[in-house]
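Asks: Need a 3D model of the sequence below.
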Amino acid sequence: MATTVNKQRVLQQLLTPPRHAKAGEPEQRPVLEQFLYAICREGVNRELADRAYRNLREHYFDWNEVRVSSARELAESMDCLPDAENRGQRVIDFLQEVFETTFSFDLESLHKKGLKQAAKQLSRYQAANDYIVASVIQGSLGGHAIALDPASLRVLKRLGIIDTDTDDLEALRASLEHQVPKAKGPVFNDAVSAIAYEVCLEDEPRCSSCPLCAHCPTGQEAKHAVSAGPSHRVKPR
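Replies: Numbers count the residues shown, from 1 in each chain. Predicted coordinates for the structure are as follows:
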């Protein structure tokens, strides 16, 4: 289990990206577009999500053309993402629900509601989940929310930043939002997702390549297991 001091060190590294990392604030998008972007972003790093979302914008005339396309067609534009056809279907389902409700593709009225009410309304969409709602709250509605997908949870549990004994997403997010300043939320999400996608893989994490290995309980266990020999290999949590 990570000590309080160790947690602080890890958090500081996550909140201070290396100088060679791609700079730039996340693009500010309208609510509907942030929802769609979050479908692309879940489970992958920012670079892949940006590419897939850009393809959707460039390959189709407008959101209505996206709505009436097939999931397979959208998957061709989002083929850089895992499970692209399922993501394409979620995009279609969401746009269809919005269109049937508002006869438009505009959800900017949510800015006039409180964050709790806006989150409640967003969560009603079939394509929504906790990650999507938190992404929209953070990216478009000006709230403090840390978006947690399974890959991010895997990294944070291995690092000892969050409790491995609970699956209560609301409690986990509340804990993180207390530790991560609002202004650093996007940086934190980018850093964690990059580590999850590039080195902290589910079955065979590349601990030796991880910049946080020195402060990661799981990474240190893996390092000691390698030193001790194959028979002492530790299975990732």
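Asks: residues in contact with the spatially most central residue of the chain?
Replies: Most central in the chain under Cα atoms, centre = their mean is Glu42, positioned 4.6 Å from the mean C-alpha point. Glu42 makes contact with 129, 131-132, 149 under the criterion Cβ atoms under 8 Å, 6 or more residues apart in numbering. For glycine as for every other residue, the C-beta is placed from the backbone atoms N, C-alpha and C.
Asks: pLDDT score assigned to it?
Replies: As predicted, Glu42 sits at a pLDDT of 96.
Asks: And it, its phi and psi?
Replies: Dihedral pair for Glu42: phi -60, psi 120, per degrees, to the nearest 10.
Asks: Could you report the neighbour count for Val31?
Replies: Here the number of neighbours of Val31 (other Cβ atoms under 10 Å) works out to 21.
Asks: Was I right to think it contacts His111?
Replies: Yes: using Cβ atoms under 8 Å, Val31 is in contact with His111, at 7.5 Å.
Asks: so what's Ser175 scoring on pLDDT?
Replies: Per-residue pLDDT puts Ser175 at 87.
Asks: For it, which non-adjacent residue is closest in space?
Replies: Nearest residue to Ser175, sequence neighbours excluded (Cβ to Cβ, 6 or more residues apart in numbering): Ile162, at 6.4 Å.
Asks: coming back round to it: mind listing the shared neighbours of Val31 and His111?
Replies: Residues touching both Val31 and His111 (Cβ under 8 Å, 6+ apart) are Leu141.
Asks: Farthest pair within the contacts of Glu42?
Replies: Ile132 and Asp149 (9.5 Å; Cβ to Cβ).
Asks: neighbour-wise, which of the two wins?
Replies: Ile132 (25 against 22).
Asks: Counting by contacts, list what the one helix or strand the more buried one maps to packs against.
Replies: According to DSSP states H and E, Ile132 maps onto helix 130-139. For helix 130-139, the packing partners by 3 or more Cβ pairs under 8 Å, 6 or more residues apart in numbering; DSSP states H and E come out as helix 31-41, helix 115-123, helix 169-179, helix 185-198.
Asks: Against which helices or strands is the second one packed?
Replies: Just to be clear, that refers to helix 115-123. Using 3+ Cβ pairs under 8 Å, 6+ apart, the elements in contact with helix 115-123 are helix 130-139.
Asks: tell me what the helix or strand following the helix it packs on is packed against?
Replies: The C-terminal neighbour of helix 130-139 among helices and strands, as given by DSSP H and E, is helix 150-159. For helix 150-159, the helices and strands in contact under the criterion 3+ Cβ pairs under 8 Å, 6+ apart are helix 169-179, helix 185-198, helix 217-228.
Asks: One more pass at 6 Å, please.
Replies: Secondary-structure packing of helix 150-159 (3 or more Cβ pairs under 6 Å, 6 or more residues apart in numbering; DSSP states H and E): helix 185-198.
Asks: what's the angle between the helix it packs on and helix 31-41?
Replies: Helix 185-198 runs at 30 degrees relative to helix 31-41, counting by axes from the mean of the first three to the mean of the last three Cα atoms, to 10 degrees.
Asks: Would you mark the buried spots in helix 185-198?
Replies: Neighbour counts using 16 or more other Cβ atoms under 10 Å place 185-197 of helix 185-198 among the buried residues.
Asks: biggest separation within these, which pair?
Replies: Spatially, the most separated pair among these is Gly185 and Tyr197, at 18.5 Å (Cβ to Cβ).
Asks: can you state the direction angle for the lowest-mean-pLDDT helix or strand in the chain and helix 150-159?
Replies: Here the helix or strand of the chain ranked lowest by mean pLDDT, DSSP states H and E is helix 217-228, holding a mean of 76. Helix 217-228 and helix 150-159 meet at an angle of 70 degrees, taking the same axes, to 10 degrees as the criterion.
Asks: Brilliant, that's me finished.
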